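J.: what's the 3D shape of this:
(2 chains)
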Amino acid sequence: MAALNALELEKEASQGAAIHVSVRSKIFPPVGDREAQLVLKDISFDVAPRSFLVITGPSGCGKSTLLNIIAGLDRDYDGSVDLGPATDRLAFIFQTPRLLPWRTVYENIALALPKGDPRHARIAGMLERVGLGQAMNAYPERLSLGMQRRAALARGFILEPEILLMDEPFVSLDEQTADSLRSLLMELWHSHPTTVIFVTHDRTEAIQLGTRILRLAPGKASVIQDVSIDLTEAQRRDRAAVLQEQNRIFAA
Amino acid sequence: MAGSLLALAVLWYLIAAYAQNRYLPTPIAVFDVLWRESASGDLWVNISATLLRVAIAFLVSMLIGTAIGLALGRFKTADKFFDAWLILFLNLPALVTITLCYIWFGLTDLAAITAVALNKIPNVAVNMREGARSLSRDLDEMARIYKFGRWKTLRHVILPQLAPFFAAAARSGLSLVWKIVLVVEAFGRSSGVGYRLSIAFQEFDVSTILAYALAFILIVQAIEFLVLQPLQARVTAWRR
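T.: Modelled structure (predicted):
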């Protein structure tokens, strides 16, 4: 029975949901001396199942706000977001790891699953896979930031999400650590294809990861470019190819 | 620590032996009284009466204080309105609440415990309000994304964040509550350590006063070391 459930989960999980986003406007209310601010205006796009969409732009362009709206964390906006029937299979990997410091790494992952869920049996394997096999019973604050981020990735992927939202999950890491986490993300994503929306201000990262890029600009409060990236896996690992693609897209 | 306490006892002995004054008994005389009161059972009757009052007053004030503190921390309008009340009660002298409670409710245990609780509640409330204000929005969002639900959120996200505030309130609470309980007993009860001290005061019986003080300090220290500190160590084990 458990095996059957696991099979069904696998089948269901391999689909990845389509997403429709349509934000007419998002306004930050006035605070103190600061006037009300229009952050997002007339942004609408669809995300194909199993695609890897990167939303990029400088800080303050509203990309994190947009992601929070898609996640359902921010409901104070004018517009609509349709995540399809799979809204309960949504994972969000935040800019900070947001692990519970008073629970061990293992417990943090387990808490993301309902009680008695068959996926509990896969937690140890998942932690091995992200390189935390030795740190399962450690408290998060005793680990490096890179390892905490690995735990956050494990928590997202243990759900086998239909939709995976990521908000600059690799900032404040040294380049080498960030690179190894990006490869880990790619590896996890290939073995569990899902619809990803990934927010970053790092242009190189955007090219390395995305199958499509949406550019937001500050002040404009809307999309200034929407372009797909057709690089092979080998090209994504090649600095020169990435740089060339980056120049092509961001020169426009 | 044992050495420094022993040195204090020796110093006390030397001064008392030199002074030869009936108002400054030697440690030996004090232990003698302690032994006598213990053998007659008076010591245990009084101490257990006091401990029971301390326990009830402590629990009541932690419960009510926590509820008020959390409510004020969560609801801004209520906080704005009741902040002035809180400051007023925080600064109300213990003696005033004690005398008023006895006058209004009579010389009863209910009045005594109410008086102690009224002294302690504002203190707990201020601590817990701080705790409720500092609850992390980030973790709350995480819990919403990963569908924790009410119970899981309370147990794994909210309570662990409040625990240090609760522990701090409990530790400062215990030391405050037992001191006030003694005053309340001296004023208007006919049992308990406070009552016994007030009788000893009327007789200028310094040996008894010191004997009871000693016994009580030992017990409160034991609670601190055997219960409160291990508890605090447990809830903060995850800290770096």
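
J.: I figured residue A:58 was touching residue A:215, is that so?
T.: No. Using CB atoms under 8 Å, residue A:58 is not in contact with residue A:215, being 9.9 Å away. C-betas here are computed from N, CA, C, even on glycine.

J.: Between those two, point out the one with more neighbours.
T.: When neighbours are counted by other CB atoms under 10 Å in any protein chain shown, residue A:58 and residue A:215 differ, and residue A:215 comes out ahead with 22 against 11.

J.: quick one: strands adjacent to the helix or strand where the more buried one lies?
T.: Using DSSP states H and E, the element containing residue A:215 is strand A:212-216. Paired with strand A:212-216 in the same sheet, following DSSP bridges, are strand A:52-56 (parallel), strand A:223-228 (antiparallel).

J.: looking at the ones you listed, which is buried most?
T.: Burial of the strands paired with strand A:212-216 is given as mean neighbour count (mean count of other CB atoms under 10 Å in any protein chain shown); strand A:52-56 ranks first at a mean of 24.

J.: what's in contact with that one?
T.: Contacts with strand A:52-56, where a contact means CB atoms under 8 Å, 6 or more residues apart in numbering or on different chains, come from A:47, A:63, A:66-67, A:189, A:195-203, A:205-206, A:209-216.

J.: hey, where'd the strands end up in chain A?
T.: For chain A, applying DSSP state E gives strands covering A:19-28, A:37-47, A:52-56, A:78-82, A:90-93, A:163-167, A:195-200, A:212-216, A:223-228.

J.: picking up where we left off before, now render the strands paired with strand A:212-216 as JSON lines, adding mean pLDDT.
T.: Listed next are the strands paired with strand A:212-216 as JSON lines, based on pLDDT from 0 to 100:
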{"stretch": "strand A:52-56", "mean pLDDT": "94"}
{"stretch": "strand A:223-228", "mean pLDDT": "85"}
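
J.: which stretch among these comes nearest residue B:187?
T.: Proximity to residue B:187, assessed across these by CB to CB, is greatest for strand A:52-56 (69.4 Å).

J.: Work out the gap between that closest one and the centre of the chain.
T.: From the chain centre to the centre of strand A:52-56 is a distance of 9 Å (CA atoms, centre = their mean, to the nearest Å).

J.: Could you do stretch B:188-198 as well?
T.: On CA atoms, centre = their mean, the centre of stretch B:188-198 falls 17 Å from the chain's centre.

J.: Buried residues in it, which are they?
T.: Going by neighbour count (16 or more other CB atoms under 10 Å in any protein chain shown), the buried part of stretch B:188-198 is B:188-189, B:191-198.

J.: And the pLDDT for the most centrally placed residue in chain B?
T.: Ranked by distance to the mean C-alpha position of chain B (CA atoms, centre = their mean), the top residue is residue B:174 at 2.0 Å. For residue B:174, the pLDDT comes out at 83.

J.: re the thing from before, now, of the contacts of strand A:52-56, which are buried?
T.: Those of these that meet the buried threshold are A:47, A:63, A:66-67, A:189, A:195-201, A:203, A:205-206, A:209-210, A:212-216, by 16+ other CB under 10 Å.

J.: Under the pLDDT cut-off, which ranges of chain B? List them.
T.: Within chain B, the segments meeting pLDDT under 70 span B:240.
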